[in-house]
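Colleague: Have a look; sequence and predicted model below, questions after that.
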Amino acid sequence: MSMAAPYALLAELTHRCPLRCPYCSNPVDLVRRSQELDTTSWKHVLRQAAEMGILQIHFSGGEPTARKDIEELVGYAEAQGLYTNLITSGILSDSQQIERLARAGLSHVQVSIQDSEADSGDWIAGYPGAQQKKLALAESVEAAGLALTINAVIHRQNIDRVSEMIDLAVTMKAQRVEIANVQYYGWGIRNRRYLMPGLAQLKTMDALVKARIAELQGVIVIDYVVPDYYAARPKACMNGWGRRFINITPEGKAMPCHAAETIPGLKFDNVTETSLQEIWTESDAFNRFRGTEWMPEPCQSCDRREIDWGGCRCQALALTGDAANPDPVCELVPGHAQVLQTAFEDSRDIEVHFDYRNFGGAK
Amino acid sequence: MNNAMTLDESISLQLGRGVRLRQDRERNCWTLMAPERVIVLDEIAHQVIVEVVESDGLLAGVIDRLSQLFDAPREEIASDVVDMLQPFVDKQLLSRK
């Protein structure tokens, strides 16, 4: 079977992380250290990735620098000709480690921020002193000559400071900032009633971000992800299921996206048992929603079916109870009005008691 | 604060931070790899970028060499090169040296 190779592999080295963000993209049932793949297994994955034609490796987590072998894995990936990206909270590294990673060939660092104001940022991250450490790490990245992206996750508790967060990214000397609205799966759904912005807030933010994209041309690149629930058309999640991305969990499960484990009935092969190539081309999980054949109406006859690829399977599941349904974020899908209603209801201002990410799982 | 750079021949360029020029053997093409992006280069774009990165990056020199290589009028090559590279600069794939 001939099939185009994926472009990027997200290597979730660990679910361990000092931060406890209430919208963490990791699953609610976190993988423990004792279940994590060892260094040799990860190298085997990286070697196969390069052989398959994968171009970029995103080392992520959890916090990827919680792994003692992070420098070894980055060096190994670069030696295979892969472009390497470190997606980090910025909490555990110091300038010496950043220099060692730069020498190992690391191409790019992405650091998250939770707010422009330290007190609020530390509260959202559930970690006192987080902001200060992030600022220090950004300096180390700059000093090591590495490229820096700031990832700013936006929600009701910080949306009014989106412009200040962009300014902070400029101060941190980032070349790029991602303004990424929270996506509601797993931890995000649990905290949706504290995170969902209101429509008025959203409109203000949207105008502001668009103005700043133009204003800051040549200073910083602003990548902007609009909030799903208020959109008219769904996002082309992962650029289509099983088209561009492959995600490996800390224990070695290969998935089409990092949230795919929320979908019941999908069986994920493990890289310790099956080759990456075979998983990509043959596995049930990757083929289930690949291409357009699986699509129900109105997607099946929609002229945008190969633009947005039916939207997001995990979101369809979260909002309709079935991942095979069309993504109701799309205004052409029955049930779209209910999505807006959910957003309105969850955007009411209430006292906040975050259900912080933790290894205990369900509360 | 807008700092957008309009290219002209006196400017020297280099690859932007975190940008790598790499061959994609699987898909048989050259690419610029950047954070979360892979830009596929056609043959001409690849040749121009190679001239930039394998020299001091001064556009005047790049244009001189390409107009010899293609045996084409210099003015024509100059406007083609500047038009082609401007979006790369706007996206920070290339930056001022």
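Modeller: Looks like it came in fine. Numbering: from 1, shown residues only, chains lettered A, B, ... in the order given.
Colleague: so what pLDDT did the residue most central in space within chain B get?
Modeller: If you average the C-alpha coordinates of chain B and look for the closest C-alpha using C-alpha atoms, centre = their mean, you land on B:Ile49, 3.7 Å from that point. As summarised for this prediction, B:Ile49 has a pLDDT of 97.
Colleague: now it, what's its secondary structure?
Modeller: helix (DSSP: H, G, I helix; E, B strand; the rest coil).
Colleague: okay, now A:Cys330: neighbour count?
Modeller: 22 (other C-beta atoms under 10 Å in any protein chain shown). All C-beta atoms are positioned from the backbone trio N, CA, C, and that covers glycine.
Colleague: so it sits right up against A:Pro234, yeah?
Modeller: Yes - judged on C-beta atoms under 8 Å, A:Cys330 makes contact with A:Pro234 at a distance of 4.8 Å.
Colleague: partners of the strand of greatest length in chain A, with directions?
Modeller: Longest strand of chain A, by residue count under DSSP state E: strand A:147-154. Partners of strand A:147-154 in the sheet, by DSSP bridges, are strand A:108-113 (parallel), strand A:176-181 (parallel).
Colleague: List the buried residues of the longest helix along chain B.
Modeller: Ordering each helix of chain B by length in residues (DSSP state H) puts helix B:74-90 first. Of all the residues in helix B:74-90, those buried under the rule 16 or more other C-beta atoms under 10 Å in any protein chain shown are B:Ile77, B:Ala78, B:Asp80, B:Val81, B:Val82, B:Leu85, B:Phe88, B:Val89, B:Asp90.
Colleague: Please name the residues that touch residue 89.
Modeller: Since you didn't name a chain, this refers to chain A. By C-beta atoms under 8 Å, 6 or more residues apart in numbering or on different chains, the residues touching A:Ser89 are A:Cys17, A:Pro18, A:Leu19, A:Glu63, A:Val111, A:Ser112, A:Ala125, A:Ala130, A:Lys134.
Colleague: meant chain B actually
Modeller: B:Met5, B:Leu7, B:Leu13, B:Ser95.
Colleague: Please apply the same query to B:Glu9.
Modeller: For B:Glu9, counting by C-beta under 8 Å, 6+ apart, the contacting residues are B:Leu58, B:Leu59, B:Ala60, B:Ile63, B:Ala78, B:Val82.
Colleague: Could you dump these into JSON lines and include pLDDT and distance to A:Gln277?
Modeller: As requested, the contacts of B:Glu9 are exported to JSON lines (pLDDT from 0 to 100; distance: C-beta to C-beta, whole Å):
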{"residue": "B:Leu58", "pLDDT": "96", "distance to A:Gln277": "45"}
{"residue": "B:Leu59", "pLDDT": "96", "distance to A:Gln277": "43"}
{"residue": "B:Ala60", "pLDDT": "96", "distance to A:Gln277": "48"}
{"residue": "B:Ile63", "pLDDT": "97", "distance to A:Gln277": "44"}
{"residue": "B:Ala78", "pLDDT": "95", "distance to A:Gln277": "46"}
{"residue": "B:Val82", "pLDDT": "95", "distance to A:Gln277": "43"}
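Colleague: So which of those is the closest to chain A?
Modeller: Each of the contacts of B:Glu9 was scored against chain A by C-beta to the nearest C-beta, and B:Val82 proved nearest at 16.1 Å.
Colleague: The stretch 1-150 of chain A: helices as residue ranges?
Modeller: In the stretch 1-150 of chain A, the helices defined using DSSP state H, counting those that start in this stretch lie at A:39-52, A:70-79, A:95-103, A:118-125, A:130-143.
Colleague: Is the first one positioned near chain B?
Modeller: Yes - when contact is scored as C-beta under 8 Å from any C-beta of the partner chain, part of helix A:39-52 falls within range of chain B: A:Met52.
Colleague: Report the mean per-residue pLDDT for that helix.
Modeller: Model confidence over helix A:39-52 averages 97 on the pLDDT scale.
Colleague: which helices and strands does it pack with?
Modeller: The helices and strands touching helix A:39-52, judged by 3 or more C-beta pairs under 8 Å, 6 or more residues apart in numbering or on different chains; DSSP states H and E, are strand A:8-12, helix A:70-79, helix A:276-282.
Colleague: Check what pLDDT residue 65 gets.
Modeller: Let's take chain A. A:Thr65 carries a pLDDT score of 97 in this model.
Colleague: other chain: chain B
Modeller: Looking at B:Arg65, its pLDDT is 96.
Colleague: show me what contacts it?
Modeller: Neighbours of B:Arg65 in contact, by C-beta under 8 Å, 6+ apart: B:Glu51, B:Ser55.
Colleague: quick one: buried residues of the helix ranked longest in chain A?
Modeller: Ranked by residue count under DSSP H, the longest helix found in chain A is helix A:199-215. Within helix A:199-215, the residues that qualify as buried by neighbour count (16+ other C-beta under 10 Å) are A:Gln201, A:Leu202, A:Thr204, A:Met205, A:Leu208, A:Val209, A:Arg212, A:Ile213.
Colleague: Out of these, which two are the most distant from each other?
Modeller: Of all pairs drawn from these, the one with the largest separation by C-beta to C-beta is A:Gln201 and A:Ile213; the distance is 18.6 Å.
Colleague: Could you tell me the average pLDDT over the longest strand of chain A, please?
Modeller: Rounded to a whole number, the mean pLDDT of strand A:147-154 is 97.
Colleague: ok, now stretch A:293-302?
Modeller: Mean per-residue pLDDT for stretch A:293-302: 95.
Colleague: what residues does it touch?
Modeller: Residues external to stretch A:293-302 that are found in contact with it (C-beta under 8 Å, 6+ apart): A:Arg288, A:Thr292, A:Arg305, A:Gly310, A:Ala324, A:Asn325, A:Pro326, A:Cys330, A:Leu332, A:Val333.
Colleague: Any idea how far apart the tips of that stretch sit?
Modeller: Terminal residues of stretch A:293-302 are spaced 12 Å apart (C-alpha to C-alpha, to the nearest Å).
Colleague: which residue packs closest to B:Ala78, ignoring adjacent ones?
Modeller: Among residues not flanking B:Ala78 along the chain, B:Ile63 sits closest, at 4.8 Å (C-beta to C-beta, 6 or more residues apart in numbering or on different chains).
Colleague: tell me which element that neighbour is part of?
Modeller: If you go by DSSP states H and E, B:Ile63 is part of helix B:59-70.
Colleague: which SS state does the closest residue to chain B within the stretch 151-300 of chain A fall under?
Modeller: Among the residues of the stretch 151-300 of chain A, A:Gly218 lies nearest to chain B; the distance is 3.8 Å by C-beta to the nearest C-beta. Per three-state DSSP, the local secondary structure of A:Gly218 is coil.
Colleague: Hmm, it is touching B:Met5, no?
Modeller: Yes - when contacts are counted by C-beta under 8 Å, A:Gly218 is listed as touching B:Met5 (5.7 Å).
Colleague: List, one by one, the residues from chain B near chain A.
Modeller: Contacts of chain B with chain A, taken as C-beta under 8 Å from any C-beta, map to B:1-5, B:16-20, B:22, B:24-27, B:31, B:33-36, B:38, B:90-92.
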